[in-house]
Each structure stands twice: as C-alpha cells, then as structure tokens.
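Student: Need the 3D shape of this:
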Amino acid sequence: MKKGFIGPIGDDIPSIFPIIGGVILFVATFALSAQIVDEKNDLLKVQRETLSLAYLATESGFVTEEDFLKNCDNRLQQQAINKGIKMLVTVKRFCDGIPLNELQKSETDPAFEFYSPYYIDAGQENELGHTWLYCSWNGQTISDLPPGLNKPTSKNTVTLTYPIAVPCPDVDSATSGIGVVNVVGWK
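Tutor: Okay, the predicted model is just below:
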C-alpha cells in the first residue's frame with residue numbers, strides 16, 4: 001500500500017472545490033445580469049407609462065379646473081390603474097412668472113418645497129407656485145394626504161415637468177398665464 005494514496009476519487013476531491021466554485025460564480029453572474037436587466041425594464045416601463053400619462057395631462061396645452069378634474073376622473077386614474085403604476089399629477093400656477101432664484105435653492109431649504117412637484121398644500125391656490133390642482137392614482141383628496149412633501153419612496157420614480165397655459169390672475173379669468181404640470185409615476 002502506498003502512503004498518501006486515498007484512492008482514485010480521493011485524490012480528485014481537492015480539485016472538485018475550484019470547479020464547483022467556478023460553476024457557482026458563473027451561474028451567479030447570469031442571475032445578477034438577469035436581475036439588472038429586469039430592473040432596467042421596470043424603469044423603462046414606468047418611464048413609458050408616465051410619459052403616456054403626461055400626454056393625457058397636457059394634450060390640450062391649456063388647463064382649467066373643470067377640464068383637469070374631468071380628465072383626472074375619466075382618463076388619468078384609469079390609465080394608471082390599467083398600466084399598473086401609481087401616479088401623482090400636480091398643476092402649479094405662476095401667474096407672475098416663475099421665480100428662477102427660488103427654483104435654484106437647495107431641496108433642504110424650506111422655501112423650496114412649495115415649488116417641488118411632490119408638494120401638495122390645501123387652501124393656498126392663489127399663492128405663487130403652490131399646488132393649484134392635483135390628481136392621485138387612488139383618488140385621495142388633499143385632506144386625506146399628509147400636508148407637505150409626499151415624495152414616493154420607490155427607486156423607480158419618474159418625474160416629468162411641462163409648461164402649460166393656466167387661467168390667470170384668477171381661476172376663472174379669460175386671460176392665460178404660465179403654469180407647470182408635474183407628472184410623477186412610480187411602481
């Protein structure tokens with residue numbers, strides 16, 4: 001009997017561990033790649049569906065309170081439910097123009113939150129940059145939502161902002177001013 005000889009399979013056991021490790025690494029690489037592709041596809045789906053919601057929200061180029069609320073009930077909420085995404089559409093009026101110096105402030109500045117697409121406030125409709133109209137995916141009213149920033153926590157959040165004509169200086173004025181439509185979609 002030879003010393004150190006374990007048998008025909010015994011000598012091959014140490015070489016099996018690197019082979020198994022290589023196969024596990026190979027399979028894990030493909031699994032990680034598939035996960036990354038799925039995440040990118042989910043983000044692209046949310047972007048595509050948010051863009052379709054933005055088209056519905058801005059298709060006329062002018063928004064009145066009555067038209068927006070009708071569009072919200074009949075089209076925006078149904079589109080979001082059918083496509084399986086959550087959404088928040090806010091309309092902000094800037095009848096005296098958009099104050100660019102305010103928009104350049106940091107998000108940590110309390111004054112910035114009024115101009116944020118996610119900021120919803122009740123009873124401030126005539127103030128510059130405050131939310132005038134909004135539409136949420138589940139039909140919540142402003143009183144149901146917590147005041148202030150209602151930013152979605154999903155990492156697949158898409159925010160689109162478009163200019164739109166709004167009635168100014170009053171909500172029933174025949175003259176138009178500038179407004180901003182913010183369309184936020186997430187899963």
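Student: what are the ranges of the helices in this protein?
Tutor: Ranges of helices in the chain, per DSSP state H, are 13-58, 65-71, 77-83, 100-103.
Student: Figure out how far stretch 68-83 is from the centre of its chain.
Tutor: 16 Å (CA atoms, centre = their mean, to the nearest Å).
Student: and it, how far apart are its ends?
Tutor: This stretch, stretch 68-83, spans 20 Å end to end (CA to CA, to the nearest Å).
Student: Identify each buried residue in it, please.
Tutor: The neighbour-count criterion (16 or more other CB atoms under 10 Å) identifies 68, 71-72, 76-77, 79-80, 83 as the buried residues of stretch 68-83. For every residue, glycine as well, the C-beta is placed using N, CA and C.
Student: can you list contacts of it?
Tutor: The contact list for stretch 68-83, computed with CB atoms under 8 Å, 6 or more residues apart in numbering, reads 49, 52-53, 56-57, 86-87, 89, 91, 133, 135, 137-139, 185.
Student: how about the residues you listed, which pair is most distant?
Tutor: Comparing every pair within these by CB to CB identifies 49 and 133 as the most remote, at 20.9 Å.
Student: Relative to residue 156, which of the buried residues of stretch 68-83 is nearest.
Tutor: Nearest member of those to residue 156, counting by CB to CB, is residue 83, at 13.3 Å.
Student: Show me where the protein dips below the pLDDT cut-off.
Tutor: 1-11, 99-115, 118-129, 139-153 (pLDDT under 70).
Student: repeat that with 50
Tutor: Counting by pLDDT under 50, the ranges of the chain that qualify are 143.
Student: So which of the helices of the chain is the most surrounded?
Tutor: helix 77-83 (a mean of 16; mean count of other CB atoms under 10 Å).
Student: Let me know how buried the nearest residue to residue 154 once chain neighbours are set aside is, in neighbour terms.
Tutor: Distance criterion CB to CB, 6 or more residues apart in numbering; nearest residue to residue 154, sequence neighbours excluded, is residue 186 at 4.1 Å. Applying other CB atoms under 10 Å, we find 19 residues neighbouring residue 186.
Student: My guess is residue 186 contacts residue 158. True?
Tutor: Yes: the pair residue 186 and residue 158 passes the contact test of CB atoms under 8 Å, sitting 7.1 Å apart.
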